[in-house]
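**Student:** For reference, the sequence and a predicted model appear below.
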Amino acid sequence: MATDTRPTRRPVMLPGHSAPAAGLEAPFEMLAACHDRVERMLALQGKLQRHLLDKGCDGPARQAARDVMRYFDLAAPLHHQDEELHVFPPLLAGPDAGLRKLVQRLVLDHRHMETAWLEARRTLQAIAVSPAFGGLPLTPVQTAALDQFAALYRGHLDDENSIVYPAAQAMLPPGAVQGMSEDMMQRRGVHPQRQPHPPAL
Ligand SMILES: [Fe+2]
Ligand SMILES: [Fe+2]
């Protein structure tokens with residue numbers, strides 16, 4: 001039987017998802033898809049906190065904790081790199097002082113998120129390996145760690161979606177967008193002409 005050896009350009013798949021995701025060939029669409037994923041993971045984290053209060057720690061709670069950890073361990077750092085390598089620099093070098101100030105704050109947000117993630121992750125790891133919690137599922141310190149981590153993302157995503165991404169898209173020439181796409185694929189181990197392994201988005 002003849003085999004079609006032409007290169008395939010199948011849609012890149014998000015880890016843990018069966019539906020096609022935004023292609024890496026359209027980097028800004030992929031960045032927006034990543035924000036959707038962040039929001040879903042933060043919603044899952046909130047649902048997990050409520051579940052612990054209502055039902056305590058069980059199998060679904062442990063799985064949810066693992067899912068949230070997996071996303072923020074693997075994909076979130078790559079997303080921040082995408083932005084710091086390709087989205088933020090043209091705005092930091094641009095003429096708009098307001099935009100420069102906003103982007104400087106977003107970079108600082110990333111550093112705060114990295115620190116806050118260490119605390120939130122410690123709590124999620126405790127949930128993931130715990131056979132059960134007692135009457136009070138999480139301590140106030142653990143709850144604050146999860147809440148603070150989620151709160152850091154809220155305004156950040158809004159500013160990127162509504163101001164920073166459109167401004168960067170308007171400034172970047174097509175060649176730069178192509179280079180951005182290639183770099184994002186390369187850092188995820190995806191070859192543009194081969195069927196990719198699921199990358200971390
Ligand atoms: Fe960001
Ligand atoms: Fe972002």
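**Tutor:** The structure has been received and is ready for your questions. Residues are numbered from 1 along each chain as shown. Ligands and ions are numbered 1, 2, ... in the order given.

**Student:** C-alpha only now, for contacts and for neighbours.
**Tutor:** OK.

**Student:** any low-confidence regions in this protein?
**Tutor:** 1-25, 133-136, 192-201 (pLDDT under 70).

**Student:** Name the helix or strand for the most centrally placed residue in it, please.
**Tutor:** For the chain, the residue sitting closest to the mean C-alpha position, by CA atoms, centre = their mean, is residue 76 at 3.7 Å. When elements are defined using DSSP states H and E, residue 76 is found to belong to helix 59-82.

**Student:** Which parts of that helix count as buried, going by neighbours?
**Tutor:** For helix 59-82, the neighbour count (16 or more other CA atoms under 10 Å) marks 61-62, 64-73, 75-80, 82 as buried.

**Student:** and the next helix or strand after that helix, what other elements does it pack with?
**Tutor:** Secondary structure here is assigned by DSSP H and E; on that basis, the next helix or strand after helix 59-82 toward the C-terminus is helix 88-92. Helices and strands touching helix 88-92, by 3 or more CA pairs under 8 Å, 6 or more residues apart in numbering; DSSP states H and E, are helix 97-129, helix 165-171.

**Student:** nearest to residue 54, of these?
**Tutor:** With CA to CA as the measure, helix 97-129 is the member of the helices and strands packed on helix 88-92 nearest residue 54 (14.7 Å).

**Student:** Pull out the buried positions in that closest one.
**Tutor:** Neighbour counts over helix 97-129 (16+ other CA under 10 Å) mark 99-100, 102-103, 106-107, 109-110, 113-114, 116-117, 119-121, 123-124, 127-128 as buried.

**Student:** got the angle between that helix and helix 59-82?
**Tutor:** Interaxial angle of helix 97-129 relative to helix 59-82 (axes from the mean of the first three to the mean of the last three CA atoms, to 10 degrees): 150 degrees.

**Student:** Tell me the spacing between residue 127 and residue 57.
**Tutor:** Between residue 127 and residue 57 the distance, using CA to CA, to the nearest Å, works out to 7 Å.

**Student:** Residue 103 too?
**Tutor:** Distance, residue 103 to residue 57, by CA to CA: 40 Å.

**Student:** can you check residue 71 too?
**Tutor:** Per CA to CA, residue 71 is found 20 Å from residue 57.

**Student:** got the contact list for residue 117?
**Tutor:** 72, 149 (CA atoms under 8 Å, 6 or more residues apart in numbering).

**Student:** how close does it sit to residue 100?
**Tutor:** The spacing between residue 117 and residue 100, counted by CA to CA, is 26 Å.

**Student:** ok, now residue 131?
**Tutor:** Shown here: residue 131 relative to residue 100, a distance of 48 Å by CA to CA.
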